[in-house]
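>>> sequence first, then the predicted structure:
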Amino acid sequence: MTAAEPRYVVLGAGGLGCPALLGLRMAGATRVDIVDHDRVDASNLARQVLYDLGDVGARKAEVAARRLRAAGIDARAHVRRIPLDRPEALAALLDELGRDAIVLECTDAPALKFACNDALVAHGGRGVIGAALGLRGQAIAVQPGSACYRCVYEAPPPAELLPTCAQAGVLGPAVGSVGFFMATLAVALANGGADEAAGRLFVLELGSGIIRPLAGRPRPGCSCGRAHAPAACS
Amino acid sequence: MPTVRIPTPLRKFTQGKEEVSIAGANVRELLANLEVAYPGIKERICDDAGAVRRFVNVFVADEDIRFLENLDTAVRDGDEVSIVPAIAGGR
């Protein structure tokens, strides 16, 4: 291991986080921080494939880190609940973990997706924000100079208009595909090979077998404008 | 007619259809006709002032209409119009 090897921070070790972590492992990642406050529930086991029956009741971050360490990865668990109404708390956590890390936002909280985006943009960070619902997923890679999540969506949806996995359903292989895709984008960011992909919203229509890359331009007036080059986002 | 791709959360308005064919010379007309065909769907896409909601995007042929002519963006026969709301699942 060398200091130059990329470090990843995975926020959320659930349906998206587990496959994202496996994807990072498959890519040869050597340093991973895992942030999650939740405990393993028996109902998680089908799609959260880092856990088994013996882990029920244990902290997901700790179990996931242990699994990765068993594979030779320097994995650290952070059992933290990030307050949804205090985006500065996430920014402080990312500061604490090191701004050079590539962040994978794998939670199911819209507020955290925006907070993660804003924290990345404010500090010139790199990361991937993703979500999955039913047979559909979304992912966007953000790096300095690219469009950001807020260029695509200006604000989170209100809770009453946001369908949950319980309402719309979630299919394990679909959320797994999105998690692996997020890991792929994160590794591309780490390797400097994401210039074409960064800033584009990828819509994964997994029931139809379609991955659709949509737009990719910094939005004039976006709050990230100060971080984009003036010519790109005034 | 243009084809409109319906996202998962809005398919309850289209009887589960992923795609529907809707007439309209531009996005504004298309959304109005979508509402006629599938009542209740437009208020999920547009706010009370008629603007596309801040957590929804509309793409014509994979281009964000905000970078085109917004609701006045022309649509043609065979164009694919995608309605893409923010989603947040993943637990």
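Okay, I see it. Remember, predicted model here, so these are calculated numbers, not experimental data.

>>> C-alpha from now on. contacts and neighbour counts both.
OK.

>>> ok, A:A183 - how many residues close by?
The burial count assigned to A:A183 is 27, neighbours taken as other Cα atoms under 10 Å in any protein chain shown.

>>> that one and chain B, how far apart?
Here A:A183 is placed at a distance of 14 Å from chain B (Cα to the nearest Cα, to the nearest Å).

>>> with just CA atoms, put the helix or strand in which that residue is found into CSV.
Under the criterion of DSSP states H and E, A:A183 resides in helix A:172-190. As requested, the backbone C-alpha atoms of helix A:172-190 are provided in CSV (Å, rounded to 0.1, in the frame of the first residue of the first chain):
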residue,chain,number,x,y,z
GLY,A,172,-32.0,-6.8,-4.9
PRO,A,173,-30.2,-7.4,-8.2
ALA,A,174,-31.3,-3.9,-9.4
VAL,A,175,-30.0,-2.1,-6.4
GLY,A,176,-26.9,-4.3,-6.6
SER,A,177,-26.4,-3.2,-10.2
VAL,A,178,-26.6,0.4,-9.2
GLY,A,179,-24.1,-0.1,-6.3
PHE,A,180,-21.6,-1.8,-8.6
PHE,A,181,-22.1,0.9,-11.2
MET,A,182,-21.3,3.5,-8.5
ALA,A,183,-18.2,1.7,-7.6
THR,A,184,-17.1,1.6,-11.2
LEU,A,185,-17.6,5.4,-11.5
ALA,A,186,-15.7,5.9,-8.2
VAL,A,187,-12.7,3.9,-9.5
ALA,A,188,-12.8,5.9,-12.7
LEU,A,189,-12.7,9.1,-10.7
ALA,A,190,-9.7,7.7,-8.7
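
>>> in the chain, which spans are strands?
With no chain named, the answer covers chain A. Taking DSSP state E as the test, the strands found in chain A are A:7-11, A:31-35, A:74-78, A:102-105, A:126-133, A:136-142, A:201-205, A:210-214.

>>> not quite, I wanted chain B
Under DSSP E, chain B gives strands at B:3-5, B:19-21, B:56-60, B:63-64, B:80-85.

>>> the last one: how far from the chain's middle?
On the basis of Cα atoms, centre = their mean, to the nearest Å, strand B:80-85 sits 5 Å off its chain's mean C-alpha point.

>>> verify the stated contact: B:E35 with B:I45.
No - B:E35 lies out of contact with B:I45 (Cα atoms under 8 Å); the separation is 10.2 Å.

>>> in the chain, which spans are helices?
Defaulting to chain A. For chain A, the helices defined by DSSP state H occupy A:17-26, A:60-70, A:87-97, A:110-122, A:149-152, A:165-168, A:172-190.

>>> my bad, chain B
Using DSSP H, the helices of chain B run over B:27-37, B:42-45.

>>> pLDDT-wise, which helix or strand of the chain ranks last?
Went with chain A since none was named. Between all helices and strands in chain A, the lowest mean by mean pLDDT, DSSP states H and E belongs to helix A:165-168, at a mean of 64.

>>> could you do chain B instead?
Lowest by mean pLDDT, DSSP H and E among the helices and strands of chain B is strand B:63-64, with a mean of 90.

>>> that one close to chain A?
Yes - Strand B:63-64 comes into contact with chain A (Cα under 8 Å from any Cα of the partner chain), by way of B:E63, B:D64.

>>> who in chain B is up against chain A?
Applying Cα under 8 Å from any Cα, one finds that chain B approaches chain A through B:8-9, B:44, B:54-57, B:59, B:62-64, B:67, B:86-91.
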